[in-house]
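Asker: structure for the following, please:
(chains A, B, C and D)
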Number of protein chains: 2
Amino acid sequence: MSDELMTIRQMCDAFDVTPRTLRFYEARELIFPQRRGQHRLYDRRDRARLTLILRGKRFGFSLEQIRQLLELYAPGSTNRTQIAATITVGEERLADMERQYAELSEAIADLRKQLSDAQIRLAAASHEQPTG
Amino acid sequence: MSDELMTIRQMCDAFDVTPRTLRFYEARELIFPQRRGQHRLYDRRDRARLTLILRGKRFGFSLEQIRQLLELYAPGSTNRTQIAATITVGEERLADMERQYAELSEAIADLRKQLSDAQIRLAAASHEQPTG
DNA sequence: CGTCTTGCTTACGTTCGCGTCAACTTGATC
DNA sequence: GATCAAGTTGACGCGAACGTAAGCAAGACG
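Answerer: Numbering: from 1, shown residues only, chains lettered A, B, ... in the order given. Next comes the predicted model:
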């Protein structure tokens, strides 16, 4: 069961990203795969981080914002002010997400209404020529 | 009450965007202000569209996706296949948003947990040196 | 009349998040 | 030992979404 360590190719297949992407994230210090010689090896931690990265991206966060958030998920520092700072940015992101959550709820309701209106227009247009 | 028509400057102030942005959206056919001579004038319709554009952006949609969505909000075409196509893309966007909504809910719960864990670490670090 | 402000067009510059080579190493295989 | 696949490090390229700067028009104002 060597599902502990994965090569870059396995990672790419598993997460549907390209090698370039993984190296890019590493360059931006979002993940830190080990090296066996020259080759990168990704462990469970790296995979967890990548999951969070991709999730964060889907919410529209920048890689830098995500990097800061990842510190919250990593038991890295024991420095008091560091932890406090990390918490602060985490709370900001949380606020962002909560705002987005509320707005998304509205937007979905909105879009549903527009869709049903359009369905009506579609039905009304049924007796006209079917093409333009 | 000439709140019916607004200049580009008034729009920028109202929506916190730059003139460049408004002209850019126009070039991409997301808004269609009237012209008085050379000057652009924005009416209620334009403002509604801009609101939707900015909202869409916050959800991570591209301007092109937003442009397509806007057709749903504009009583533009009476062409049956056109309306049907518009509905289709609208449903796709809706699905996107619903997925995002669900995932966001998870992510928020997740982040809350990480934050509370971090608070605990912060408390635990209290008796150590307060700086590094 | 000059000039100030507001806006216009055109066009090149910039940042982010990668894509796409090129050239090299390295371990495996014929 | 030649080749081949998999991986590596640069370095440049690219599309999206604007920023920025140059140069022109046109009404307002002293």
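Asker: ok, which stretches of chain A are helices?
Answerer: Assigned by DSSP state H, the helices in chain A fall at A:8-15, A:19-27, A:44-58, A:63-73, A:80-124.
Asker: in TSV: the ones you listed, plus mean neighbour count, mean pLDDT and distance to B:Arg49.
Answerer: In short, each C-beta sits where N, CA and C put it, glycine included. Formatted as TSV, these follow (neighbours: other C-beta atoms under 10 Å in any protein chain shown; pLDDT from 0 to 100; distance: least, C-beta to C-beta, whole Å):
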stretch	mean neighbour count	mean pLDDT	distance to B:Arg49
helix A:8-15	15	94	37
helix A:19-27	15	95	34
helix A:44-58	17	95	25
helix A:63-73	18	92	29
helix A:80-124	15	93	13
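Asker: could you dump those helices into CSV with distance to chain B added?
Answerer: As requested, the helices of chain A are arranged in CSV below (distance: least, C-beta to the nearest C-beta, whole Å):
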stretch, distance to chain B
helix A:8-15, 16
helix A:19-27, 18
helix A:44-58, 6
helix A:63-73, 5
helix A:80-124, 5
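Asker: identify the residues contacting A:Met11.
Answerer: When contacts are counted by C-beta atoms under 8 Å, 6 or more residues apart in numbering or on different chains, A:Met11 is found next to A:17, A:22, A:42, A:46-47, A:50.
Asker: before we move on, what about A:Arg47?
Answerer: Contact partners of A:Arg47, counting by C-beta under 8 Å, 6+ apart, are A:6, A:11, A:14-15.
Asker: looking at the helices of chain A, which is closest to B:Gln34?
Answerer: Closest of those to B:Gln34 is helix A:80-124, at 24.2 Å (criterion: C-beta to C-beta).
Asker: point to the residue nearest the middle of chain A.
Answerer: Against the mean C-alpha coordinate of chain A, by C-alpha atoms, centre = their mean, the closest residue is A:Arg55 at 2.1 Å.
Asker: what's the closest non-adjacent residue to that residue?
Answerer: Counting by C-beta to C-beta, 6 or more residues apart in numbering or on different chains, A:Arg55 lies nearest to B:Ala107, which is 6.0 Å off, once chain neighbours are set aside.
Asker: so that neighbour sits against A:Gly60, correct?
Answerer: No - taking contacts as C-beta atoms under 8 Å, B:Ala107 lies outside contact range of A:Gly60: 12.0 Å.
Asker: that older thread, DNA strand D is nearest to which of the helices of chain A?
Answerer: With C-beta to the nearest atom of the strand as the criterion, DNA strand D lies closest to helix A:8-15 of the helices of chain A, at 3.4 Å.
Asker: do that closest one and DNA strand C meet?
Answerer: No - contact of helix A:8-15 with DNA strand C (C-beta under 7 Å from any atom of the strand) is absent, the minimum separation being 9.5 Å.
Asker: circling back: closest to B:Ile87 among the contacts of A:Met11?
Answerer: Distance to B:Ile87 across those (C-beta to C-beta) is lowest for A:Val17, with 32.7 Å.
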